[in-house]
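K.L.:
model the following, please.
(one chain, ligands or ions: 1)
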Amino acid sequence: MSVLTRNWTPTHGDPYRPVPYRPTRMDPTESLERAAELRRRMDERRTVRQFSADPVPEQVVHDAIACAATAPSGAHQQPWTFVLVKNPEVRRQIREAAEEEERRSYEGRLGEEWLAALRPLGTDEVKPHLTDAPQLIVVFEQRYWLGEDGAKRKHYYVDESVGIAVGMLLSALHLSGLAALIHTPSPMRFLSQVLGRPENEKAFAVIPVGYPADDCAVPDLTRKALPQVMVEV
Ligand SMILES: Cc1cc2nc3c(=O)[nH]c(=O)nc-3n(C[C@H](O)[C@H](O)[C@H](O)COP(=O)(O)O)c2cc1C
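P.N.:
Here you go, the predicted structure:
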């Protein structure tokens, strides 16, 4: 049975229980074909900031979140919560609060160096994607484990684990035909308030999900070539 289809309960302090793992080894020819196709498909992914209001297939989003939740995590603590926001009124509240923070950021809080880094992206304090996209996935990191009785337990490598899960989420959405944006309004405390999240959770990102608007445009960016990012030893 898949590890995903069972309900997880805390394993803290449990003994090591090995189980066999014997995945079928892929033929190298097939590996090469798959890798090349995946590289081509991933290179097509772009961050979208103008969304159509068209609805998305609900199950595709659920499956993408389930893919994200297969991510590796420090001590397998799975320190993430994905809040799927469909309610238009809640999306409106998130947009209002995000634009309030972004206004302060763009009006000077970010500083000239940060603003200069953002300039090629054409972003500003107006965030229509938060209400135009039919769904938002708000990702929270669980800074520590919180039991029903209020007990707390340390989580390890939370940022790294949630970052990997979000990367897998963005990949899954893209490969399933949906567009997304990872949006990080700073600070993000308002998300815990609007969504009523518990004290151990801290907002990590807001991810609008949908289809690009008919007139969608993206910045003309260049990705680093492989020799610029890879060093062979
Ligand atoms: C951690 C992180 C935070 C980001 N925050 C924002 C954001 O707040 N607003 C935004 O418009 N884009 C945001 N982005 C998207 C980047 O600007 C985008 O990924 C980058 O410009 C490359 O474009 P591409 O995704 O189309 O390749 C963020 C990306 C990352 C990884």
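K.L.:
for residue 82, what is the enclosing helix or strand?
P.N.:
Element membership of residue 82, judged by DSSP states H and E, is strand 80-85.
K.L.:
which secondary structure elements does that strand contact?
P.N.:
Using 3 or more CB pairs under 8 Å, 6 or more residues apart in numbering; DSSP states H and E, the elements in contact with strand 80-85 are helix 58-68, strand 135-142, helix 158-175. C-beta here means a position set from N, CA and C on the backbone, and glycine is covered the same way.
K.L.:
against residue 65, how distant is residue 218?
P.N.:
24 Å (CB to CB, to the nearest Å).
K.L.:
neighbour-wise, which of those two wins?
P.N.:
Comparing residue 218 with residue 65 by neighbour count (other CB atoms under 10 Å), the higher total belongs to residue 65, at 20 against 14.
K.L.:
didn't the more buried one look like it was pressed against residue 84?
P.N.:
Yes. Residue 65 lies in contact with residue 84 (CB atoms under 8 Å); the separation is 7.1 Å.
K.L.:
so the closest residue to the ligand within the chain bridges to which residues?
P.N.:
Using CB to the nearest ligand atom, residue 47 is the residue of the chain that sits closest to the ligand, at 3.4 Å. Beta-bridge pairing of residue 47 under DSSP bridges involves residue 180.
K.L.:
count of neighbours near the residue nearest to residue 81 when sequence neighbours are not counted?
P.N.:
Nearest residue to residue 81 in three dimensions, chain neighbours excluded: residue 140, at 4.4 Å (CB to CB, 6 or more residues apart in numbering). Using other CB under 10 Å, residue 140 is surrounded by 23 other residues.
K.L.:
go ahead and confirm residue 140 touches residue 203.
P.N.:
Yes. At 5.7 Å, residue 140 counts as touching residue 203 under the criterion of CB under 8 Å.
K.L.:
shared neighbours of the two, which are they?
P.N.:
With contacts taken as CB atoms under 8 Å, 6 or more residues apart in numbering, the residues that reach both residue 140 and residue 203 are 191, 192, 197.
K.L.:
check for me that residue 177 belongs to a helix.
P.N.:
No. Assessed with DSSP: H, G, I helix; E, B strand; the rest coil, residue 177 is coil; it does not lie in a helix.
K.L.:
OK, contacts around it?
P.N.:
When contacts are taken as CB under 8 Å, 6+ apart, residue 177 is in contact with residue 60.
K.L.:
the strand of greatest length in the chain packs against which elements?
P.N.:
If you go by DSSP state E, the chain has its longest strand at strand 201-210. Other elements packing on strand 201-210 under the criterion 3+ CB pairs under 8 Å, 6+ apart are helix 129-132, strand 135-142, helix 158-175, strand 179-180, helix 189-195.
K.L.:
dump those into JSON lines; add distance to residue 36 and mean pLDDT as well.
P.N.:
Formatted as JSON lines, these follow (distance: least, CB to CB, whole Å; pLDDT from 0 to 100):
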{"stretch": "helix 129-132", "distance to residue 36": "32", "mean pLDDT": "98"}
{"stretch": "strand 135-142", "distance to residue 36": "29", "mean pLDDT": "98"}
{"stretch": "helix 158-175", "distance to residue 36": "15", "mean pLDDT": "98"}
{"stretch": "strand 179-180", "distance to residue 36": "23", "mean pLDDT": "98"}
{"stretch": "helix 189-195", "distance to residue 36": "39", "mean pLDDT": "97"}
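K.L.:
I'm done for today, thanks for sticking with me.
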